[in-house]
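Asker: whatever this is, show me its structure:
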Amino acid sequence: MKRLMSLWSQLAEESASRCCTSATADINTVRRRSEHEGLSFLTITLPEYGKAIQKWLDHGQVEINPSFTTGRRGLPRFLGGFLSRVFDQNTGALLDEPCIDSIIALRQLTLVFGKIYLPCSRAREKKAILGFLKCEQDVRQFDAEISAKDFADFKRVSNLLFRSLFTRMDSDIYYGEVLPKHGPGAVADKLTSNGKYRLKSWTRRLDEVFPSYEYLIPNLRFVEELDQVSILEPGAEQPVKVVSVPKTLKTPRIIAIEPTCMQYTQQAIYRSFLVNFDRDELLKKLIGFDDQVPNQDLARQGSIDGLTATLDLSDASDRVSNQLVRAMLSDWPSLNRAVDAARSRRADVPGHGVIRLAKFASMGSALCFPIEAMVFTTLIFLGIERALNVTMTRDLLSKFSDSVRIFGDDLIVPEEFVRTTVDTLQHFGAVVGVDKSFWTGKFRESCGAEFFNGHDVSLVRVRQALPHTVADATEVIATVELRNLLFMRGYWKTASWLDKLLTGILRYFPAVAPTSSVLGRINSLGYQFETLDSSLHSPLVRGYVVKAKPPSDELVGAGALLKCLLKLGEDQESWSSHTPDIPLYQLPGTTLERGSTPWLHTKANDEQHLERSGRPKRVSIKLGRHRPF
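Answerer: Residues are numbered from 1 along each chain as shown. Take a look at the predicted model:
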């Protein structure tokens, strides 16, 4: 904590210098309260104060905050030098021309430790689990109270948005033209990365849509392998495993680890979704999955003209009712059956046993993100429709493509319809996070970027504790990234302080280009080098690079062939349209012709992927000579 306190002091002094004020009293306050309250002051109390300041910017007025004393003129004494350059000292009202550097300083100094990855206390973990169960109760209550008309309206607007997408996906499912995928992450049945290709359990529900003889073996020559596969009836299916993972010191993130068979088929549906989604020009303007920039651009523009609002949803995925999803997909029977079959119906909750789920899925399901995005998009346009008191049409939808944007639970909507939109979202079970939703003032936030009146006031966050030795590889990597981000944000003195810290830990900490793999420092003079490669004559520098070796995980036989063919199919999905006159191999969802040559270029030939696979168990850093660019 002493090192974090020293880092905060450096940031405060440099921020005060940039804003022509003093931070001496603020540093003394933080030091005194940190000694008394511990790490929670830096990671919980300060971030709560920062969130309050964001709302003051949105409302245009300072409000009473019980965590810090107020001076005689109405502004809190803590960080008062910065606050007085943003708000009027007598009235607390937002100044006509507030100091942008002071706004950045206020956010940087209060929120810098808000998302540091540290384990929560047992009491906070238990509270988060109870919150997960409370969401379940809320979803069940919504299912009981929502009217038939609401379901009908939701389905009508959803069909208007996604009819073409769902029709194409339904066709893919019906004709078996989907390609499954195993990922490197953990699964509820604890299979290794390569062990997933020796999957020995399938469910009856999946077998009706994704037959095991098409998805668990390379081709019918290996049909005897299916004798070892157990087909589980609905009552015997393995539940998802609910776990907590570090998020902030205040609360962990609750996710659900899916069984292998569910994750495998969820990826098949998700792949079909992405391919067909990319063909719909309107949907690409409304929903994002891999590019946050459009959301950030709309947030910046909204901070200038006030025409758009940014909304954030609390526990977004855990509050999406499965009944809404079933209504959304009800007109496409093959797709509906596939999504339902790939959905886990029960969850194993620590301390509470196995419960039946009313939500569609928690974080951890491959379909969670796209499904929640489609549900929220539908609800936004249903809210707009109710505000306009007209029946929504496809032409009317397109008129809002420049002012509506959804990226997961980050929503952007027209300001004039924000009240109705919020009411509609909450009526259908969502909870709008008041602390992170903005529409009244000049502050907007979306997808990790924050803006005030068009100015980027985003901050740099500390993600890991500061390292002590070179063996603290994760902390070293995070601190190098922190140092470079601060340098690029103009905090040069703080970056210099971190340089001294890192130089005392790393024997070599050279200047490098931002594109280099070497753990080094970015500066305005470019990279340095010590020698030239004897073969390529390119510059080399001595420094540390990250090493993360996949664990040993040997795969042979039918599983190895299945993995190679799935990777081949992943790279050559367009082959599914080839005429299967003389098939060589039958992959799930595609047919390859004898004599096809792209096998030589597939990722399936990556070295050692049948011997080592999965996420590395540990990360290390290794000293050597490498390119500084």
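
Asker: could you export stretch 177-184 as CSV, CA atoms only?
Answerer: Extracted in CSV, the C-alpha atoms of stretch 177-184 (Å, rounded to 0.1, in the frame of the first residue of the first chain):
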residue,chain,number,x,y,z
GLU,A,177,-24.0,-25.8,-41.9
VAL,A,178,-22.5,-24.7,-38.6
LEU,A,179,-19.0,-25.3,-37.4
PRO,A,180,-18.4,-25.8,-33.6
LYS,A,181,-15.3,-24.8,-31.7
HIS,A,182,-13.5,-25.5,-28.5
GLY,A,183,-11.8,-22.6,-26.7
PRO,A,184,-8.8,-22.6,-24.3
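
Asker: secondary structure class for the nearest residue to Val460 once chain neighbours are set aside?
Answerer: Counting by CB to CB, 6 or more residues apart in numbering, the nearest residue to Val460 once its immediate chain neighbours are dropped is Leu485, at 4.6 Å. For every residue, glycine as well, the C-beta is placed using N, CA and C. Following DSSP: H, G, I helix; E, B strand; the rest coil, Leu485 is assigned to helix.

Asker: count of neighbours near Leu485?
Answerer: 15 (other CB atoms under 10 Å).

Asker: try Gly504
Answerer: Gly504 has 11 nearby residues by other CB under 10 Å.

Asker: going forward can the numbers begin at 474, since that is how I track them
Answerer: That works, and once the first residue is 474, the last one we named lands at Gly977.

Asker: need the residues that contact the longest strand along the chain.
Answerer: Of all the elements of type strand in the chain, the one with the most residues (DSSP state E) is strand 1012-1020. Here strand 1012-1020 makes contact (CB atoms under 8 Å, 6 or more residues apart in numbering) with 943, 946, 949-950, 979, 981-983, 985, 990-993, 1000-1006, 1092-1102.

Asker: so which bits of it are buried?
Answerer: 1012-1019 (16 or more other CB atoms under 10 Å).

Asker: now do the same contact list for Thr583.
Answerer: Residues counted as contacts of Thr583 (CB under 8 Å, 6+ apart) are 519-520, 522-523, 526, 552.

Asker: just to check, Ala986 is in contact with Gln1001?
Answerer: No. Assessed by CB atoms under 8 Å, Ala986 is found out of contact with Gln1001, at 10.2 Å.

Asker: touching both of those two, which residues are there?
Answerer: The contact sets of Ala986 and Gln1001 overlap at Pro1101 (CB under 8 Å, 6+ apart).

Asker: which pLDDT value belongs to the spatially most central residue of the chain?
Answerer: Closest residue to the average C-alpha location of the chain: Gly881 at 8.2 Å, with CA atoms, centre = their mean. If you check Gly881, the pLDDT there is 87.

Asker: hang on, it packs against Glu845?
Answerer: Yes. The criterion here is CB under 8 Å, and Gly881 meets it with Glu845 at 6.8 Å.

Asker: what's the overlap in contacts for those two?
Answerer: Shared contacts of Gly881 and Glu845, defined by CB under 8 Å, 6+ apart, are found at Ala789.

Asker: show me what contacts Ser703?
Answerer: Counting by CB under 8 Å, 6+ apart, Ser703 touches 673-675.

Asker: let's see it at 7 Å
Answerer: When contacts are counted by CB atoms under 7 Å, 6 or more residues apart in numbering, Ser703 touches 673-674.

Asker: can you check Asp751 too?
Answerer: Asp751 touches Lys757, counting by CB under 7 Å, 6+ apart.

Asker: what of Met836?
Answerer: Counting by CB under 7 Å, 6+ apart, Met836 touches 728-729, 790.

Asker: gap between it and Ala815?
Answerer: 16 Å (CB to CB, to the nearest Å).

Asker: hey, where'd the helices end up in the stretch 774-923 of the chain?
Answerer: Ranges of helices within the stretch 774-923 of the chain are 795-802, 806-814, 841-861, 867-872, 891-900, based on DSSP state H, counting those that start in this stretch.

Asker: how far off centre is the longest strand of the chain?
Answerer: Between the centre of strand 1012-1020 and the centre of its chain there are 30 Å (CA atoms, centre = their mean, to the nearest Å).

Asker: got it, and stretch 526-538?
Answerer: Distance of stretch 526-538 from the chain centroid (CA atoms, centre = their mean) equals 28 Å.

Asker: which parts of it are buried?
Answerer: Buried, per 16+ other CB under 10 Å, within stretch 526-538: 526-531, 535.

Asker: how does this structure divide into domains?
Answerer: Segmentation of the chain into domains, based on automatic domain parsing, reads 475-587, 595-662+711-925, 946-1024+1093-1099.

Asker: turn these into CSV, including distance to Gly1042.
Answerer: Output for these, formatted as CSV (distance: least, CB to CB, whole Å):
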stretch, distance to Gly1042
domain 475-587, 43
domain 595-662+711-925, 5
domain 946-1024+1093-1099, 22
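
Asker: and the closest residue to Asp821 other than its chain neighbours, what does it touch?
Answerer: Setting aside the residues directly before and after it, Asp821 is nearest to Pro712 in space (CB to CB, 6+ apart), at 4.6 Å. Residues in contact with Pro712 (CB under 7 Å, 6+ apart) are 817, 819-821, 827.

Asker: and if you look at Gly547?
Answerer: When contacts are counted by CB under 7 Å, 6+ apart, Gly547 touches 535, 563, 565.

Asker: least confident of those?
Answerer: Within the set of the contacts of Gly547, pLDDT is lowest for Asn563 (87).

Asker: before we move on, what SS does it have?
Answerer: coil.

Asker: wait, Asp821 touches Glu710, no?
Answerer: No. Shown here, Asp821 and Glu710 do not form a contact pair, counting by CB atoms under 7 Å, at 11.5 Å.

Asker: before we move on, the earlier item: nearest to Val933, out of the domains of the chain?
Answerer: domain 946-1024+1093-1099 (4.6 Å; CB to CB).

Asker: first-to-last residue distance for that closest one?
Answerer: This stretch, domain 946-1024+1093-1099, spans 18 Å end to end (CA to CA, to the nearest Å).
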